[in-house]
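# got a structure for you, letters missing:
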């Protein structure tokens, strides 16, 4: 029985490694992961490190020639490290290889090596390892538990053992079956469940564990996808202004841009790009704080008319600098709303900035009033408008279309409306 149990536990461990390997392969299909560039390798290493931290696994990626590209723990690696040629040959042929891998003396791992890429284009090998000592320890605990049970049964009367076994065997097997499904991340079916009264609490606990495990798995997947997507989007947004800044600095240092007037223009562009980077970082931090609840919302009574009067000059300056005319319609009556004035100002400013980007030689108006017993603040412009097929995406982070106004071109990172949506 102990041999069967040990074999089953080892088999479950291999299956878990295989599932994790498929997940890693999917994450590495990100278009930003370019194996021929330093940035692509760094992104791949970041993905492996995060996955390794979350799962406790040691993950390696090898090129088609067997050379190690990246791993989840770069400190463990040695220069020129390669995978075993026999394993490489099988995996590149589309096979999955699993077994015991001895990294060093007295350091054994359960290892699974799978193809990286697709079945049509295998470009390398992904190997996942988990220390064998943990599995061995679990097997030893099971053996000890079975030994104690055996000793207990041997010390009891044969009839008592027979009746006890008959009474508990079936419900325990059912619970064990459901528990086994949980370890594989599968949903636990509601029926059949043990109906014996003695097992009601245990049944409830296993059911609750199943629901919790299912929700946790779904939440983890959503979190992993969001994290990788955010990392890719942010790296893309940072690369463009940094490339411009570095290119102009190198041109000035190399004497390519030697004319003082041209140098002044280049420095102005560098300053503009630097400010854009600073705004991008501020927006990303603000959005992260909103999503994690780190920003406290402090709603209180706010007089809309008084609120808009105090913000007339900053908004007028913003609009007129974009080459447009500004108008504000303030209600005559006192009109209170329950809001956080700082966050309300952030919403209006972001909406006005967005209107400036898509309005050229036009006008932008901010107004307030009452409609159907509800107060409103409206930002209206004479710009080009939004295409119907883009309406659903304007709230997505980093989504933006080509700005119409040359005075504001390149000034937005596509986060303003996302922050507005989170606040409203």
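Arrived safely, thanks for sending. None of these values were measured; they are calculated from a predicted model. Residues are numbered from 1 along each chain as shown.
# run through the strands of the stretch 301-424 of the chain in chain order.
In the stretch 301-424 of the chain, the strands defined using DSSP state E, counting those that start in this stretch lie at 325-329, 336-339, 363-371, 374-381.
# ok, the stretch 1-150 of the chain next?
Going by DSSP E, counting those that start in this stretch, the stretch 1-150 of the chain shows strands at 58-63, 68-71, 97-104, 107-117, 122-131.
# next, the angle from the first one to strand 97-104.
Going back to what we said before, that points to strand 58-63. Counting by axes from the mean of the first three to the mean of the last three CA atoms, to 10 degrees, strand 58-63 lies at 110 degrees to strand 97-104.
# circling back: indicate which one of the strands of the stretch 1-150 of the chain is closest to residue 387.
Distance to residue 387, taken as CB to CB, is lowest for strand 107-117 among the strands of the stretch 1-150 of the chain, at 36.7 Å. Where C-beta positions appear, they are placed from N, C-alpha and C, glycine not excepted.
# out of the strands of the stretch 301-424 of the chain, which comes closest to residue 228?
Nearest to residue 228, of the strands of the stretch 301-424 of the chain and by CB to CB, is strand 374-381 at 34.3 Å.
# what sits up against that closest one?
304, 308, 324, 335-337, 344, 348, 351-352, 355, 358-359, 362-370 (CB atoms under 8 Å, 6 or more residues apart in numbering).
# list the buried ones in that strand?
375, 377, 379, 381 (16 or more other CB atoms under 10 Å).
# could you do stretch 300-317 as well?
For stretch 300-317, by 16+ other CB under 10 Å, it's 302, 304, 307, 308, 311, 315, 316.
# list just the nearest of those residues to residue 390.
residue 315 (25.4 Å).
# so who does that closest one touch?
Per CB under 8 Å, 6+ apart, neighbours of residue 315: 326, 328, 348, 349, 352, 366.
# can you add distance to residue 285, neighbour count and pLDDT and give the residues you listed back as TSV?
Below are the contacts of residue 315 laid out as TSV (distance: CB to CB, whole Å; neighbours: other CB atoms under 10 Å; pLDDT from 0 to 100):
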residue	distance to residue 285	neighbour count	pLDDT
326	29	18	91
328	30	16	91
348	20	19	88
349	17	17	86
352	21	23	88
366	27	23	91
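# residue 110: which of these is nearest?
Closest to residue 110, out of all of the contacts of residue 315 and judged by CB to CB, is residue 349, at 55.5 Å.
# gap between that closest one and residue 361?
22 Å (CB to CB, to the nearest Å).
# hang on, the earlier thing: redo the contacts of residue 315 as TSV? Include distance to residue 127.
Listed next are the contacts of residue 315 as TSV, based on distance: CB to CB, whole Å:
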residue	distance to residue 127
326	61
328	63
348	54
349	51
352	53
366	59
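# which of these sits closest to residue 18?
Using CB to CB, these come closest to residue 18 at residue 349, 51.1 Å.
# next, the contact list for that closest one, please.
Contacts of residue 349 by CB under 8 Å, 6+ apart are 314, 315, 318.
# make a markdown table out of the strands of the stretch 1-150 of the chain and add mean pLDDT and mean neighbour count.
A markdown table is the format used below for those (pLDDT from 0 to 100; neighbours: other CB atoms under 10 Å):
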| stretch | mean pLDDT | mean neighbour count |
| --- | --- | --- |
| strand 58-63 | 89 | 21 |
| strand 68-71 | 89 | 20 |
| strand 97-104 | 76 | 14 |
| strand 107-117 | 85 | 21 |
| strand 122-131 | 88 | 21 |
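# possible to save these as a markdown table with distance to residue 9?
Putting the strands of the stretch 1-150 of the chain into a markdown table (distance: least, CB to CB, whole Å) gives the following:
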| stretch | distance to residue 9 |
| --- | --- |
| strand 58-63 | 20 |
| strand 68-71 | 26 |
| strand 97-104 | 15 |
| strand 107-117 | 11 |
| strand 122-131 | 12 |
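# how about TSV for the buried residues of strand 374-381, with distance to residue 246 and pLDDT added?
As requested, the buried residues of strand 374-381 are exported to TSV (distance: CB to CB, whole Å; pLDDT from 0 to 100):
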residue	distance to residue 246	pLDDT
375	49	86
377	42	89
379	37	90
381	35	90
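# would TSV of those with distance to residue 46 be doable?
Formatted as TSV, the buried residues of strand 374-381 follow (distance: CB to CB, whole Å):
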residue	distance to residue 46
375	46
377	41
379	39
381	40
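# would you check which pair of the residues you listed lies furthest apart?
Across the buried residues of strand 374-381 (CB to CB), the longest gap, 21.1 Å, separates 375 and 381.
# thinking again about what came up before, residue 258: which of the contacts of residue 349 is nearest?
Comparing those against residue 258 with CB to CB picks out residue 318 as the nearest, at 36.0 Å.
# these two touch, right, residue 32 and residue 43?
Yes - with contact defined as CB atoms under 8 Å, residue 32 reaches residue 43; the gap is 5.5 Å.
# between the two, which is the more surrounded one?
residue 43 (21 against 18; other CB atoms under 10 Å).
# any idea how far that one lies from residue 93?
28 Å.
# again with residue 84
14 Å.
# on that earlier part again, ok, so of the buried residues of stretch 300-317, who is nearest residue 124?
residue 315 (54.3 Å).
# run a quick neighbour tally on the closest residue to residue 307 other than its chain neighbours.
Closest residue to residue 307 apart from its sequence neighbours, by CB to CB, 6 or more residues apart in numbering: residue 341 at 6.3 Å. Number of residues near residue 341 (other CB under 10 Å) recorded here: 17.
# tell me the pLDDT at residue 341?
With respect to pLDDT, residue 341 scores 86.
# please renumber the chain so that the first residue is 15 from this point on.
Renumbered: residue one is now 15, and that last one reads residue 355.
# give the contact list for it.
Contacts of residue 355 (CB under 8 Å, 6+ apart): 314, 316, 321.
# now these as TSV including distance to residue 222 and pLDDT?
Output for those, formatted as TSV (distance: CB to CB, whole Å; pLDDT from 0 to 100):
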residue	distance to residue 222	pLDDT
314	41	89
316	45	89
321	49	89
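# in helices, which of these fall?
residue 321 (DSSP state H).
# mind putting the contacts of residue 355 in a markdown table, distance to residue 50 included?
Putting the contacts of residue 355 into a markdown table (distance: CB to CB, whole Å) gives the following:
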| residue | distance to residue 50 |
| --- | --- |
| 314 | 56 |
| 316 | 55 |
| 321 | 54 |
